[in-house]
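# Sharing a sequence plus its predicted fold:
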Amino acid sequence: MLLFSIIVYLIITVVIGYWASRRVKTSGDFMLAGRSLPLLLSSSALFATWFGSETVFGASSEFLKGGLFAVIEDPFGAALCLVLFGLFFARKLYSMNLLTLGDFFKVRFGKRTELVASAFIVPSYVGYIAAQLLAMGLILNVVTDMAVWQGVVISAMVVTFYTYIGGMWAISITDFIQSVIIIGGLLVLAIVLSVKAGGISVVLSETHPETFRFLPESNFKDIVIYLGAWSVLGLGSIPSQDVFQRVMSSGSVNTAVRSCYIAAFMYLTIAMLPLFISLCAKHLYPEFAIGDAQLALPSMVLSHAAMPVQVLFFGSLLSAIMSTTSSAILAPAAIFSENLVKPLSKGRLSDKQLLRVTRISVLGFSILATIMATVRSNIYELVGESSILSLVSLFAPLVFGLYWKRATAIGALLSMVLGTFTWFIFERMETGWPSLVPGLLVSVLAMVIGSLVWKKNSMI
């Protein structure tokens, strides 16, 4: 019954994607759904940006090991990103009428900076997509006992298919349906488990107080690590194509801004459900907290929940992960075709040819991520690594490019290269400090110093 329900759900998703593909006529339709999404679809699409494997699997397992302090990065940092994007970025970027985030660097700093920025944006998504595919492989492994790599391949085929044919239209429509399933499934499971455990107060009272510690110790290193955790998604995902494309798909600038706030509220509240569910599971069935904590929730549900609850839980889990995966695949494909292939073709590509290149790119990035998902096993780490690269390379050029008139192309290029190089060096040194901190500081300094020294060519 459970396996049959999963198969039916996957088929329905593919059918929806095929139906949505009829709206795709141009590359703009494929990448940004024609900039026509209403508030409901736009908000649900933004909510689904990260509500996938790292929230349900990764964050819940980290929460069991280290409490709230261990999950500052996600969900708290993720919600912060949406709030900041709505406050400082959505209105300015929407008014520029851009197709991709790479287009911003072209308009503000020139074609050379566009190419370099795009080269930094694209690789960050491979690990992120791999994390989602790995999660779906783990689900199919728990449900059917098939090898994880086989589940990864099957999942990749399904998500890639409906992304390939429907683009952002398919993603937005399926995101709305999947968001409803996510909320319903997690709510039902949370209620069932809390009742079985004797109520919310019983679960919380028997949880160690240290689990709910939210603030760092009063020493400099802990504070730096704490701020670094907030920054991974909170700042690192601001210069990301998937957030950009979801916000820019809105039907108006006001819809874009409001969607950010609504999605942030939804994310922060609904993301608490997997954390509470993991507490209930640990209270009722402590044996599932031993071993791979990423499998604790699905294993517990499969062993102890009634069939309707199993269907709801695994349906919501697949919904969350598929909605995140689809846009993550589209993001680098859009950048690759629009900001790398198109400029290098020197205008020889028609819009239909560009659309074809984008679709082929969807296949290419899906294959790369599938390979990575078969050789890596930690979902939370894969997601964090992808956001850090954007933080140390693109955050400073984006912020200064929007808010500082004196920012120059040379400053932006130095910021990207030196910030990434510094992060890479500190990552290899294993100092015990967050390597993103010196990476970000160097990126900001390079942006400022480079722009002040090379004052000309601010719009190369």
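Perfect, thanks for sending it.
# any idea which helix or strand comes after the worst-scoring helix or strand of the chain on mean pLDDT?
Least confident element among the helices and strands of the chain, by mean pLDDT, DSSP states H and E: helix 53 (a mean of 62). Under the assignment DSSP states H and E, the closest C-terminal helix or strand after helix 53 is helix 60-66.
# So what touches the helix or strand just after that next one?
With elements assigned by DSSP H and E, the helix or strand that comes after helix 60-66 is helix 78-84. Residues from elsewhere that reach helix 78-84, judged by C-beta atoms under 8 Å, 6 or more residues apart in numbering: 46, 49-50, 55, 230, 233-238, 243, 260-261, 263-265, 267-268, 271. Yep, even glycine has a C-beta here, placed from its N, CA and C like the rest.
# Can you flag the buried ones in the residues you listed?
Taking 16 or more other C-beta atoms under 10 Å as the criterion, what is buried in those is 46, 49-50, 55, 233-238, 243, 260-261, 263-264, 267-268, 271.
# Narrow those residues to those in helices?
46, 233-234, 243, 260-261, 263-264, 267-268 (DSSP state H).
# May I have the phi/psi pair for the most centrally placed residue in the chain?
Nearest to the mean C-alpha position of the chain, by C-alpha atoms, centre = their mean, lies residue 50 at 3.9 Å. Dihedral pair for residue 50: phi -120, psi 0, per degrees, to the nearest 10.
# And for the residue nearest to it when sequence neighbours are not counted, the neighbour number?
In this structure, residue 50 finds its nearest non-sequential neighbour in residue 78, 4.7 Å apart by C-beta to C-beta, 6 or more residues apart in numbering. Using other C-beta atoms under 10 Å, residue 78 has 27 neighbouring residues.
# any idea how far residue 78 is from residue 32?
Distance check for residue 78 against residue 32: by C-beta to C-beta, to the nearest Å, it reads 22 Å.
# who touches stretch 168-181?
By C-beta under 8 Å, 6+ apart, the surrounding residues in contact with stretch 168-181 are 13, 16-17, 19-21, 23-24, 29-34, 37, 40-42, 44-45, 47-48, 51, 162-163, 166, 245, 249, 266, 312, 315-316, 319-320, 322-323, 326-327, 330.
# Buried ones from those residues, can you make that a ChimeraX selection?
Those of the contacts of stretch 168-181 that count as buried under 16+ other C-beta under 10 Å are selected in ChimeraX with:
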select :13,16,17,20,21,23,24,29,30,31,32,33,34,37,41,42,44,45,47,48,51,162,163,166,245,249,266,312,315,316,319,320,322,323,326,327,330
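# Give me the subset of the contacts of stretch 168-181 that lies in helices.
Short answer: the contacts of stretch 168-181 in helices (DSSP H) are 13, 16-17, 19-20, 29-32, 40-42, 44-45, 47, 162-163, 166, 245, 266, 312, 315-316, 319-320, 322-323, 326-327, 330.
# pLDDT on the helix or strand hosting residue 363, on average?
If you go by DSSP H and E, residue 363 is part of helix 351-373. Across helix 351-373, pLDDT averages out at 90.
# So for that helix, what gets flagged as buried?
Of the residues in helix 351-373, those buried (16+ other C-beta under 10 Å) are 354-355, 357-359, 361-362, 365-366, 368-373.
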